[in-house]
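Novice: Quick check, what structure comes out for this input:
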Amino acid sequence: MAEKVRVHVLIEGRVQGVFFRAATRDEARARGLAGWVRNLPDGRVEAFFEGDKPVVENMLVWCRKGPPYAYVDHVDIDWQPYQGDLADFRVVY
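Specialist: Down below sits the predicted model:
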C-alpha cells in the first residue's frame with residue numbers, strides 16, 4: 001500500500017483567468033485526491049492535495065504545466081504530514 005501524503009502548493013505565473021482552478025479540481029478528482037484549490041489576491045493559485053504519494057507526485061507534475069493557456073513560472077511545494085481531514089476535492093472561494 002502506498003504511503004499517504006499531504007502537500008501544500010503555491011503556483012505562480014499566468015494561472016488566474018485561464019481556468020486553472022477548475023482544471024485542477026477535475027485533474028485531482030480524476031486521480032482520487034482530496035483537497036482544495038483557490039486563487040490568491042497576489043495572482044498565485046494555492047492548493048492542498050492529499051492521497052497516495054505516487055498519485056500526489058503525478059499531480060504535482062501536472063501543476064508545473066497546468067491547463068491550456070496557463071503559463072507556470074514557479075511551483076512552491078511544502079510536504080506536510082498526512083492528516084486525512086479532507087473528504088473530497090473542491091474549489092474554495
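
Novice: helix, strand or coil for the closest residue to Gln80 other than its chain neighbours?
Specialist: Distance criterion C-beta to C-beta, 6 or more residues apart in numbering; nearest residue to Gln80, sequence neighbours excluded, is Arg6 at 4.6 Å. In this view, the C-beta of every residue, glycine as well, is placed from N, C-alpha and C. Look at Arg6: counting by DSSP: H, G, I helix; E, B strand; the rest coil, its state is strand.

Novice: So what pairs up with Arg6 in the strands?
Specialist: Glu50, Gln80 (DSSP bridges).

Novice: Return the distance of it relative to Val37.
Specialist: Arg6 sits at a distance of 14 Å from Val37 (criterion: C-beta to C-beta, to the nearest Å).

Novice: still on that earlier bit, how about the contacts made by the residue nearest to Gln80?
Specialist: Counting by C-beta atoms under 8 Å, 6 or more residues apart in numbering, Arg6 makes contact with Phe48, Phe49, Glu50, Trp79, Gln80, Pro81, Tyr82, Gln83.

Novice: Give the closest residue to the first one in space, chain neighbours not counted.
Specialist: Excluding the flanking residues, the one nearest Phe48 by C-beta to C-beta, 6+ apart is Gly35, at 4.2 Å.

Novice: in what helix or strand does the one you found lie?
Specialist: strand 34-39 (DSSP states H and E).

Novice: May I see the buried residues of that strand?
Specialist: Ala34, Gly35, Trp36, Val37, Asn39 (16 or more other C-beta atoms under 10 Å).
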